[in-house]
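S.K.: no sequence for this one, just the structure:
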């Protein structure tokens, strides 16, 4: 298979996957916003999916979500394996592609959860996954340091989302349109909010490793509760909920306007390219 051209089927696979991911985060953001406004537990991506179970055609919707999340998982794994985003084989590129593969694995886990919910064999809490991982790692040679390492990497992944937002790296693969430009502030806020949640989970993992106590490794629910426990916690939780809804918007924007560098032609203009072009024009006028 040519390395200069990706197969056509990866594009609809990507769009379907990002769409399913966006729906998941709409549900999650709604849960967290409800918790901020009315109290109660915020939940996680798994509990967000569980909300579909009691709805009309809930099992059918869960099946569709499972297919969508599986599509996203396949997209990220194929993207990493074939380097469809042209990250390269240097250290930075390898780290980026490893992150893509991890993101795919997480989405695959959510797809399995959606299937189990549809079949009535899962509660949807999903909060034991991080603790189980920490417990298994602690039983391995140098387990304490393995858990700490995973925690640090997870914190780094959260930081990556924030850096991606602040440096506007997401624009490199986003088609320039009037809509994608208008939604840019929402996209940026959503990426930062998602990064905060991921970094908090990484912090729990690192602490679990340091104390050699797997029960300290918690998931999204505890991350939200940690935010709520801070001064003005309800307000902060509400802001975080809006950010997660912004991340859902980011997923939908990706579903509609994201390009695959190994597939897109030279006639496609990205937001990054348009920004550089406008910057040169501004510099020329000043000159």
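M.R.: Happy to help now that I have it. Computed from a predicted structure; not experimentally measured.

S.K.: what about this structure, any weak spots by pLDDT?
M.R.: Low-confidence segments of the chain (pLDDT under 70): 1-6, 121-129, 264-266, 287.

S.K.: Which residue ranges of it form helices?
M.R.: 10-38, 45-50, 58-82, 91-118, 128-138, 143-166, 178-182, 184-211, 220-228, 233-257, 271-286 (DSSP state H).

S.K.: Other residues contacting stretch 169-177?
M.R.: 85, 163-164, 180, 184, 187, 191, 250, 253-254, 257-261, 268-275 (Cβ atoms under 8 Å, 6 or more residues apart in numbering). For the C-beta atoms, the positions are set from N, CA and C on the backbone; glycine is no exception.

S.K.: Return the set of buried residues in that stretch.
M.R.: Neighbour counts over stretch 169-177 (16 or more other Cβ atoms under 10 Å) mark 170, 171, 172, 173, 174, 175, 176 as buried.

S.K.: what's the closest of those residues to residue 197?
M.R.: Of all those, residue 197 sits closest to residue 170, with 17.4 Å by Cβ to Cβ.

S.K.: about what we covered before: tell me the buried residues within the contacts of stretch 169-177.
M.R.: 85, 164, 180, 184, 187, 191, 250, 253-254, 257-260, 270-272, 274.

S.K.: Identify, out of the helices of the chain, the most deeply packed stretch.
M.R.: Among those, the stretch with the highest mean neighbour count (mean count of other Cβ atoms under 10 Å) is helix 45-50, at a mean of 25.

S.K.: who does that one touch, helix- and strand-wise?
M.R.: The contact analysis (3 or more Cβ pairs under 8 Å, 6 or more residues apart in numbering; DSSP states H and E) places helix 45-50 against helix 10-38, helix 91-118.

S.K.: Out of these, flag the one nearest residue 58.
M.R.: helix 91-118 (7.9 Å).

S.K.: That closest one relative to helix 10-38, how many degrees between them?
M.R.: Orientation of helix 91-118 against helix 10-38 (axes from the mean of the first three to the mean of the last three Cα atoms, to 10 degrees) gives an angle of 70 degrees.

S.K.: which helices and strands does helix 91-118 pack with?
M.R.: helix 10-38, helix 45-50, helix 58-82, helix 143-166.

S.K.: Serialize those to CSV and add fields for distance to residue 286.
M.R.: CSV is the format used below for these (distance: least, Cβ to Cβ, whole Å):
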stretch, distance to residue 286
helix 10-38, 38
helix 45-50, 47
helix 58-82, 40
helix 143-166, 25
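
S.K.: For residue 50, see how far away residue 120 is.
M.R.: 11 Å (Cβ to Cβ, to the nearest Å).

S.K.: can you tell me which residues contact residue 49?
M.R.: 24, 27, 62, 65, 110, 113, 114, 117, 124 are the contacts of residue 49 under Cβ under 8 Å, 6+ apart.

S.K.: In CSV, list the helices and strands packed on helix 45-50 along with distance to residue 80.
M.R.: Shown next, in CSV, are these (distance: least, Cβ to Cβ, whole Å):
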stretch, distance to residue 80
helix 10-38, 12
helix 91-118, 4
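
S.K.: out of those, nearest to residue 241?
M.R.: helix 10-38 (3.7 Å).

S.K.: Could you pull up the contacting residues of residue 189?
M.R.: Residue 189 neighbours (Cβ under 8 Å, 6+ apart): 165, 242, 243, 246.

S.K.: Show me which of these is closest to residue 17.
M.R.: Looking across the contacts of residue 189 and measuring by Cβ to Cβ, the closest to residue 17 is residue 246, at 19.0 Å.
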